[in-house]
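**Student:** A structural model of the following input is requested.
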Amino acid sequence: MSHAVEKFISCIESVKGYDIPVRSLTACEIRQLEENGCTSDNWMAVQVIQSDTGEQQWALNSIPRIWRSHFSGCVILGEFNAKSTGILDSAIIESIVFDNVLISRCTRFERCIALPNVVVRDCITVVCSGKPTSFGNGIVVSIGPETGGRDVPITVECSLETISQCCLHTSPGMHYASIHAMDVEKFCRRVQCAYTVLDEKAQLLGCTRIEDAYIGHGAVIESSTIVQSTLLSMAAVEETTRVANSHVEDSLVHANCRIHTSAVVERSVMLPGSRVERHGMLLGSVLGTHSGVEEGEVSSSLVGPFVGFHHQALLVAAFWPEGRGNIGYGANVGSNHTGKLNDQEIWPGEGVFYGLGCNIKFPTNMTESPYTLIATGVTTLPQKVSMPFSLINSAGESIHGVAPGLNEIFPGWVLSDNMYTVVRNSLKYTRRQSSPTRVDCDALYPQYLTDVLRWDTIKMMVAARARLTRLFPDGDRSLVAGSTRLPPRMDSNGDRVYLDGDIGGGIGIGKNYLRESSRKRGIKAFTFYIKYWALQTLFRAASSPEFSLPQITTLLHDFLRCGGDVSSPPATASLTKVYSSSGMHEGATPCAPSLHYALHLIAAEGMCPSELSTSDAMLTLLARFADSTHVVAADIRTAKSKDYKRGVKVIPDYRNVHPPVEDDVVVRHAHDEAVRVTAAVASMRNARM
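**Tutor:** Modelled structure (predicted):
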């Protein structure tokens with residue numbers, strides 16, 4: 001639970017349990033207030049919080065700061081002894097105003113509690129409706145089909161992982177959802193309150209309507225409407241929630257969120273560090289950490305971390321817990337209506353990039369196609385694609401035997417031709433996560449994995465490569481047993497063309513076609529990066545302070561001895577022994593599943609020369625990884641150079657406004673990483689000698 005959530009619970013429980021020592025106003029104090037232009041329906045109902053300073057001091061400090069205001073019902077006032085505090089030109093009704101609060105020109109301040117140092121200036125109504133409120137906690141968000149089916153009740157305690165689990169209608173998910181519903185009901189009762197609550201140092205400036213709301217510690221709300229919502233915030237500048245010129249209703253907004261410039265947030269949850277800006281709309285959705293919506297609309301969707309949505313576009317009915325993707329200008333990812341019902345949905349995969357003006361028809365499932373790119377202007381058909389790091393582009397030509405609506409897919413294209421993007425994304429995620437504006441790390445604001453190449457994405461690459469290889473095993477141009485006969489499809493250059501049903505169970509290319517040349521390039525790219533990741537994981541383990549080189553060498557020996565069988569007793573026992581005292585985490589150092597799988601791949605891919613001793617093989621593998629890092633660095637430089645050369649040909653002063661390729665941040669990082677790895681491997685070799 002984050003500090004902001006703890007602060008919210010503590011504040012509400014304190015408010016509900018207040019036993020404030022108060023006293024009535026004296027006749028002298030009433031007369032002084034009336035002389036200041038103040039009125040009341042019943043001065044006997046206006047009370048003052050007793051303090052150590054005494055009656056005379058309260059009158060001396062506070063009454064000069066209360067002018068032209070009306071008090072109605074039971075009102076409790078604190079002491080105003082600081083500069084720019086007090087009550088001016090306002091109507092205070094059935095409210096508690098603590099020490100050193102400023103309420104100025106507020107037309108109606110009713111059934112509210114303002115904790116110390118709150119500022120309310122130029123607001124029209126700041127009220128509670130009169131019935132108990134849970135400040136938006138318990139809202140039910142319908143993810144995916146707008147007709148319902150993935151309806152999840154949510155409170156500020158809920159993490160993205162909790163919400164995601166409750167969306168799934170698997171047996172574990174449904175059991176989890178029933179327990180979750182009871183927890184939500186219990187939490188709502190716990191925070192239920194009959195007042196709008198303004199926590200310490202909150203600021204309401206020029207707001208038209210604040211109703212049934214909790215405004216967190218230090219939050220700044222300007223010219224906005226907040227209704228039936230919780231806005232968490234912390235006093236530190238980097239954890240302050242800010243809302244300006246926007247509308248928030250029936251929503252839960254976490255610390256360090258930004259909502260401004262005519263944004264609309266309704267029936268939604270914004271997790272820490274997220275933002276909705278520049279006319280963006282978040283409707284019935286969950287927005288993950290470090291993600292943002294600008295100008296476009298997100299509706300009935302669960303959007304994970306690090307999603308960029310910077311332009312006018314549409315995302316509807318998406319279940320996207322992995323996040324890390326991008327929605328380009330004009331992208332229409334929202335074809336959820338069949339003409340019968342708006343009951344369709346999309347499951348984008350991790351890191352999927354939807355290009356400018358693309359149109360995505362539902363249902364679509366790309367969870368097994370992480371970091372795939374949908375090119376500009378492409379219209380995709382309803383489909384499931386299981387081909388990671390691919391490019392889907394419009395058909396380049398009309399091919400006999402290929403339906404006109406199909407696009408062309410390039411498996412592994414992001415790896416072979418655009419590795420720059422992969423490394424840039426990883427650096428970007430790391431930078432955002434380590435930003436000084438990051439709120440405390442906890443279940444609601446976790447340390448997300450910033451590596452794009454991980455054991456789970458590598459497993460998808462291995463599976464995709466296996467399907468691509470099945471088309472022509474061992475180079476034989478005949479089909480595998482049990483498959484249907486391939487129709488004679490050829491492009492204009494004589495390159496063979498495949499469709500998804502050309503092997504039993506499908507290739508995984510969905511409603512797209514695949515050329516033979518692209519198939520070979522995809523296999524090559526997948527193979528290189530499968531081996532690259534396995535060697536990288538081995539290198540990270542060998543250079544980690546938690547491990548020693550002899551320990552990793554022993555692990556390698558045991559895995560090679562059992563042929564890479566992950567379930568063999570020697571391999572499992574060896575791995576368990578090494579990890580028993582490491583306590584490492586995924587990301588900066590490999591966790592057990594990563595190292596386990598990497599060692600399996602090293603054996604399965606035949607990367608270790610059998611004629612060498614285990615210690616020699618270890619150093620050989622590390623040297624091969626060092627060589628691979630230089631290959632990757634060169635590929636990244638080549639990818640960036642293409643853009644640079646094209647730009648120079650088209651824009652006359654391109655060189656003057658773009659840094660040379662070698663000075664690019666990503667290119668330089670890849671080069672420096674290759675140099676670092678090479679030096680580290682040389683040091684390991686020298687230490688052994």
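**Student:** Would you mind checking which helix or strand in the chain has the lowest mean pLDDT?
**Tutor:** Lowest mean confidence among the helices and strands of the chain (mean pLDDT, DSSP states H and E): helix 569-579, at a mean of 62.
**Student:** Can you name the next helix or strand after that one?
**Tutor:** helix 592-604 (DSSP states H and E).
**Student:** residues of that next one that come out buried?
**Tutor:** 594, 595, 596, 597, 598, 599, 600, 601, 602, 603, 604 (16 or more other Cβ atoms under 10 Å). Placement of C-beta: from N, CA and C, glycine included.
**Student:** okay, which residue is most central for the protein?
**Tutor:** By Cα atoms, centre = their mean, the chain has its centre lying nearest to residue 305, at 1.1 Å.
**Student:** so who does that residue touch?
**Tutor:** 160, 288, 289, 290, 291, 323, 324, 448 (Cβ atoms under 8 Å, 6 or more residues apart in numbering).
**Student:** Can you tell me which of the residues you listed has the most neighbours?
**Tutor:** Neighbour counts for those, by other Cβ atoms under 10 Å, peak at residue 324, which reaches 29 neighbours.
**Student:** confidence score at the closest residue to residue 50 other than its chain neighbours?
**Tutor:** Closest residue to residue 50 apart from its sequence neighbours, by Cβ to Cβ, 6 or more residues apart in numbering: residue 21 at 4.4 Å. We have a pLDDT of 91 for residue 21.
**Student:** For residue 21, the count of nearby residues, please.
**Tutor:** Neighbours of residue 21 using other Cβ under 10 Å come to 9.
**Student:** Tell me the spacing between it and residue 299.
**Tutor:** 50 Å (Cβ to Cβ, to the nearest Å).
**Student:** ok so, going back, give me the subset of the contacts of residue 305 lying in helices.
**Tutor:** residue 160 (DSSP state H).
**Student:** Distance to residue 137 and pLDDT added to the contacts of residue 305, as TSV?
**Tutor:** Shown next, in TSV, are those (distance: Cβ to Cβ, whole Å; pLDDT from 0 to 100):
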residue	distance to residue 137	pLDDT
160	17	94
288	19	96
289	19	93
290	23	92
291	22	96
323	24	95
324	28	95
448	25	69
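**Student:** doesn't residue 639 make contact with residue 418?
**Tutor:** Yes: counting by Cβ atoms under 8 Å, residue 418 touches residue 639, with 5.7 Å between them.
**Student:** Roughly how far does residue 526 sit from residue 368?
**Tutor:** For residue 526, the distance to residue 368 - Cβ to Cβ - is 13 Å.
**Student:** got any residues that touch both of these two?
**Tutor:** 388, 464.
**Student:** who's more crowded, these two?
**Tutor:** Comparing residue 526 with residue 368 by other Cβ under 10 Å, the one with more neighbours is residue 526, at 27 against 20.
**Student:** Low-confidence regions, the stretch 551-689 of the chain specifically.
**Tutor:** 563-593, 610-613, 688-689 (pLDDT under 70).
**Student:** Now do the same contact list for residue 187.
**Tutor:** 137, 138, 155, 157.
**Student:** where's the dip in pLDDT among those residues?
**Tutor:** Ranking the contacts of residue 187 by pLDDT, residue 157 lands last with 94.
**Student:** That one reaches residue 2, doesn't it?
**Tutor:** No: judged on Cβ under 8 Å, residue 157 makes no contact with residue 2 at a distance of 9.3 Å.
**Student:** Between the two, point out the one with more neighbours.
**Tutor:** residue 2 (24 against 20).
**Student:** doesn't residue 272 make contact with that one?
**Tutor:** Yes: assessed by Cβ under 8 Å, residue 2 is found in contact with residue 272 at 6.9 Å.
**Student:** Just put the contacts of residue 187 in a markdown table and tack on secondary structure and distance to residue 9.
**Tutor:** Below are these laid out as a markdown table (DSSP: H, G, I helix; E, B strand; the rest coil; distance: Cβ to Cβ, whole Å):
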| residue | secondary structure | distance to residue 9 |
| --- | --- | --- |
| 137 | coil | 10 |
| 138 | coil | 15 |
| 155 | coil | 10 |
| 157 | coil | 9 |
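**Student:** Tell me the buried residues within those.
**Tutor:** Buried, going by 16+ other Cβ under 10 Å: 137, 138, 155, 157, out of the contacts of residue 187.
**Student:** between the contacts of residue 305, which is nearest residue 679?
**Tutor:** If you rank those by distance to residue 679 using Cβ to Cβ, residue 448 comes first, at 29.6 Å.
**Student:** Give the helix, strand or coil label for the closest residue to residue 322 other than its chain neighbours.
**Tutor:** Spatial nearest neighbour of residue 322, excluding adjacent residues (Cβ to Cβ, 6+ apart): residue 350 at 3.5 Å. Here residue 350 is coil, with the state taken from DSSP: H, G, I helix; E, B strand; the rest coil.
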